[in-house]
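In: Compute the structure for the input listed below.
(chains A and B)
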2 protein chains.
Amino acid sequence: MRLSQMHLRTLREVPNEAEIPSHILLLRSGMIRKQVSGVYGFMNMGWRSVRKIEQIVREEMDASGAQEICMSAIQPAELWEESGRWNAYGPELWRIKDRNGRDFCLGPTHEEVFTDLIRNDISSYRQMPLMLYQIQTKYRDEARPRFGLIRSREFIMKDCYSFDTDAEGLDRSYGLMYDAYTRIFQRCGLDCRPVEADTGAIGGSNSHEFTALSGIGESEIAYCDKCGMAATTERAACVDAPAQTDVDALPLEKKLTPGTKTIEDVAGYLNLDEAQTIKALLFVTYDEEGKENGYVAAFVRGDRELNMTKLVNALGIAEHQIEFADEEKMGAATGCVGGFTGPIGLHDCTVVVDSELPGLKNLCAGACEEDHHYINVNYGRDYTGDIVTDLKTLKEGDPCPVCGAPVRHTRGIEVGQIFKLGTKYSESMNARYVDENQKEKPVVMGCYGIGVTRTLAAIVEQHHDEDGIIWPVSVAPYHVIVTLVKPADETQTAVAEQIYAELQQAGVETLLDDRRERPGVKFKDADLMGIPVRITVGKLAGEGKVEYKLRREKDRRELTVQDAIAEAVGLINAERRG
Amino acid sequence: MRLSQMHLRTLREVPNEAEIPSHILLLRSGMIRKQVSGVYGFMNMGWRSVRKIEQIVREEMDASGAQEICMSAIQPAELWEESGRWNAYGPELWRIKDRNGRDFCLGPTHEEVFTDLIRNDISSYRQMPLMLYQIQTKYRDEARPRFGLIRSREFIMKDCYSFDTDAEGLDRSYGLMYDAYTRIFQRCGLDCRPVEADTGAIGGSNSHEFTALSGIGESEIAYCDKCGMAATTERAACVDAPAQTDVDALPLEKKLTPGTKTIEDVAGYLNLDEAQTIKALLFVTYDEEGKENGYVAAFVRGDRELNMTKLVNALGIAEHQIEFADEEKMGAATGCVGGFTGPIGLHDCTVVVDSELPGLKNLCAGACEEDHHYINVNYGRDYTGDIVTDLKTLKEGDPCPVCGAPVRHTRGIEVGQIFKLGTKYSESMNARYVDENQKEKPVVMGCYGIGVTRTLAAIVEQHHDEDGIIWPVSVAPYHVIVTLVKPADETQTAVAEQIYAELQQAGVETLLDDRRERPGVKFKDADLMGIPVRITVGKLAGEGKVEYKLRREKDRRELTVQDAIAEAVGLINAERRG
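Out: This is a model prediction of the structure:
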């Protein structure tokens, strides 16, 4: 492609809306264009990279035995009602009506649709294992779309669903996908870590997130260098502090603690360690129609952080069904007092207690009375929980739940996730088969997603410098850019055209920058667009020499035309499959 | 792919909903699956064919210099308000809201979006010509989706937009697309005819439909064997009957014509030729908000048929803004009388008169009075029209508007359409450039669509027999099916596996029917699925022989294994590009 004829508009300025490198650079290099909030169009080069990612995904999915199909983006509400998710899914589900007033959604995921498909097709154990996938446009009506392609309202996903007769079959399918995902992200040039993950709104028993390591990532990961444990902090189990079996419970005592509304305040005032206090967090919950249906008080040790995902899972509700409570309103109903709430004296609310609190003795907690705390609060004697479970967030330096070594934290972008769904959907939607013994059983399912457009952004997050993108060859929109320094110079033009023609003949995807622009502009654009190889045809063209430079290296070399072509062809062929 | 592992469910029965061969066969062969009315999912084989059509489209679009991008399916209402189509488009526009109540539509076409894109990018004549295209999912909320992929609510389209500085540039771009479309449909194996077409709701000055000839097609085409004229009957101009300049106007006379409510009745009663009468058709029109805003009476010669497209164009409204009137209600307002309406005595309605009526003398028309007609009605003396224009439908046998020879009619499926939009969108949306002389001018646009999924159906319409589909090699989901007659027979299995392996190694896309099914079932499925070459491995396998059969021919031949492989590879390589 000749840049003089290409639809291309690069930007020198950083667009206002963009905060992170991938968003800034994809916009500045003209690869994507914002249409409305959270909705992007792909320009020619961006689209070429998307299609290369799709092709890598397709090849690896096919190699794993999955079969490609393509279902509609429009999904009837009836299917979601069957699975129970029409109400449960929350406002991210983009609900629409057709001209007859019938309810649909723009699918954010396709569990219902694929379950519906196979419940009509699968009747016998002989028809499994089966894995079906699609690469398709999905929708999530995000409250706050941000970070460009990282969290957008329209995005391309590969979603795959496996159908097996039993848990062992699911383990095999899950393993095939785990391996395929590992290869896919490797081929895309991503430094990616599979981590144990929460199963969230999709439900199921077991899940891994494939996380591209990145400081701007929305996923926080806890990992252990010693044993290899890796999990999202949402999901990571915490080790409880050892139970204080050798400590005696002292008598409960109420203390005047004026103005000590925070853990830090009260610990300071009473000269206690924060680990000797109990922290209270108050919530209101909603039913599936969005009506208030109760209050929740959650308690963790004062130095801990509450893990919302664990709380939500313990309550068996969805994330959008819970919010921080209005303390004044809640106080009247439950007896809590803002800044002085503790487990003693609360009523009419669900009390959820972190699993380590029952083992700890003589803690300090709010007294549900202005300016007062209790000390020597002990579980069982002074208070109990309706639910006792791990509610803590695993923090950096906490002991690893597997081996006990201190864990570390990092951030990453979730580019893929694999789930063992089990029989969640096959039970609710009645997808059954007959086994070898003529017994009817529910199909055992898994689901496996890759955010294709999010992967594009993650690649840019990991492969850029201050001048622009540095595409891995496997997903680069073009492999080589031939920069013609002076289009008015006949010799230079002839050499550039020759290189352009020969590279294309060799199957190398090549740009010819034949624009009548200053060389500085051309170099800046080439760096911004991140084309892996730049061959500059300038003053030395008359001697048959050009400058050869890789985007990922600082070095420039003078090579003969033929050597430059040979080097480029060799490099591209070695790396194009990723 | 081994059929034993493939997700495949073929149907022996004709599905209830399906009326036409492509719909029946695509469903029966398991290539598509209905999700809801007018919305289909593509199973593995159907999707493979769709992707092959897409690839042909892509190659030819790229070869013509168009650049692929991909814009969102979700389009903000604001853009459609700018172009004036938010209200004008009618209920087929699938309007949706996001969680903030903002209006969007699911795009049925992308003129607004592409105009918006380039008005920000194009500022100088140097940036043109430019052609941008996408292959993308589109939506039309059809009142009556039907015929499977022919008229569905979700479909894949290639849409391309050209941007030029002037009309000559547009002519060139239009010509490039005309040629590309011709090649695309040839490569897809379609017998396709470019015909002059109405420009409909998209607007513009000049258009061709690419019509795949087919008896079930919704497009009716008038064509002339003598001069090559071809146009949709919606659009085809009609030759007016010669003006009767040598006939004197006789005195107007009112006749009692009891019960003669039709042209046939009155012509019979008064012993006239139907060509000596005037036919009235009555309509109510609506404004863009759907409120009634007036009545229309249209008049054509008694033996003619009114062309609704021409009437709508004459009135300058959209098709959904007009309906047949309630005669009783309209009678009170305008003086018309059901069955006896004529141009004399009508008031308070727009009178539209066919262009040949002013030249004809002494016609018979309703008298706007129960059981009465006038005879000797003459234009100018007795009545006039607010609009006089060609309102007639060109019927089979009518004179060709170009050469006068009798025209013929045929039907076809509109698989592509190209439009000269001119400055319709660039004017309303202010997409301007500066020319060589620093003068600001509107960009001159064209738009060019191909219904990709509709093309799939059209191919099946043209390529099938009573047993199933007969895919052209270029779009066949697989090229060869190796039918293993007895999977329990080791020799047969070994030979079939060898052929399967060798064909795949040669790059031929091959199915191995290794299912434990009766041979009859396998042959029936192979015919239904329409795989171009079938190699049957049966009893003669021990002698190294197989049966070789093309789906498109009746003949079967016994060949050695090596000859069968060589023939298949040769045929596929010769035809795979189409």
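
In: Which part of the stretch 251-400 of chain A gets nearest to chain B, residue-wise?
Out: Of all residues in the stretch 251-400 of chain A, the one sitting closest to chain B is A:H320 (11.4 Å; Cβ to the nearest Cβ). In this view, the C-beta of every residue, glycine as well, is placed from N, C-alpha and C.

In: burial of the residue nearest to that residue when sequence neighbours are not counted, as a residue count?
Out: Once its chain neighbours are removed from consideration, A:H320 has its nearest residue in A:G90; the separation is 3.8 Å (Cβ to Cβ, 6 or more residues apart in numbering or on different chains). A:G90 is flanked by 18 other residues according to other Cβ atoms under 10 Å in any protein chain shown.

In: Over to A:L27?
Out: Other residues near A:L27 number 22, with proximity taken as other Cβ under 10 Å.

In: my read: it touches A:E19, true?
Out: No: look at A:L27 against A:E19 with Cβ atoms under 8 Å: they stay out of range, at 11.3 Å.

In: hey, what's in contact with both of these two?
Out: Taking Cβ atoms under 8 Å, 6 or more residues apart in numbering or on different chains as the contact criterion, no residue touches both A:L27 and A:E19.

In: Is A:G294 located within a strand, as I assumed?
Out: Yes: A:G294: assigned to a strand according to DSSP: H, G, I helix; E, B strand; the rest coil.

In: Kindly state the beta-bridge partners for the residue lying closest to it once chain neighbours are set aside.
Out: For A:G294, ignoring the flanking residues on the chain, the nearest one in space by Cβ to Cβ, 6+ apart is A:T285 at 5.1 Å. The bridge-partner assignment for A:T285, based on DSSP bridges, gives A:G294, A:I322.

In: contacting residues for A:T285?
Out: Under the criterion of Cβ under 8 Å, 6+ apart, the contact partners of A:T285 comprise A:292-296, A:315, A:317, A:321-322.

In: if you set the cut-off to 6 Å instead, what comes out?
Out: With contacts taken as Cβ atoms under 6 Å, 6 or more residues apart in numbering or on different chains, A:T285 has the following neighbours: A:293-294, A:296, A:321-322.

In: quick one: pLDDT of it?
Out: Looking at A:T285, its pLDDT is 96.

In: A:G204 now?
Out: According to the model's per-residue confidence, A:G204 sits at a pLDDT of 58.

In: if we can go back for a sec, for the residue of the stretch 251-400 of chain A closest to chain B, helix, strand, or coil?
Out: helix.

In: ok, now how distant is it from A:V475?
Out: Between A:H320 and A:V475 the distance is 35 Å, computed by Cβ to Cβ, to the nearest Å.

In: which one of the two has more residues nearby?
Out: Neighbour count, other Cβ under 10 Å: between A:H320 and A:V475, A:V475 has more, with 25 against 17.

In: and the residue nearest the centre of chain A, bridged to which residues?
Out: Geometric centre of chain A, nearest residue: A:E414, 2.5 Å, by Cα atoms, centre = their mean. In this structure, A:E414 bridges to A:T211 when assessed by DSSP bridges.

In: Quick check: it vs chain B, distance?
Out: A:E414 sits 22 Å away from chain B, going by Cβ to the nearest Cβ, to the nearest Å.

In: contacting residues for that residue?
Out: Each residue near A:E414 by Cβ under 6 Å, 6+ apart is listed here: A:209, A:211, A:219.

In: Residues contacting stretch A:497-512, please?
Out: For stretch A:497-512, the external contacting residues (Cβ under 6 Å, 6+ apart) are A:1-3, A:478-482, A:535, A:565, A:569, A:572.

In: got the CA coordinates for it in CSV?
Out: As requested, the backbone C-alpha atoms of stretch A:497-512 are provided in CSV (Å, rounded to 0.1, in the frame of the first residue of the first chain):
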residue,chain,number,x,y,z
GLU,A,497,9.8,1.1,-5.9
GLN,A,498,12.1,-1.8,-6.6
ILE,A,499,12.2,-2.8,-2.9
TYR,A,500,8.5,-2.3,-2.5
ALA,A,501,7.8,-4.6,-5.5
GLU,A,502,10.3,-7.3,-4.4
LEU,A,503,9.0,-7.4,-0.9
GLN,A,504,5.4,-7.7,-2.0
GLN,A,505,6.4,-10.4,-4.4
ALA,A,506,8.0,-12.3,-1.5
GLY,A,507,4.7,-12.1,0.4
VAL,A,508,5.9,-9.4,2.8
GLU,A,509,3.1,-6.9,3.6
THR,A,510,4.7,-3.6,2.7
LEU,A,511,4.0,0.1,3.0
LEU,A,512,5.6,2.6,0.7
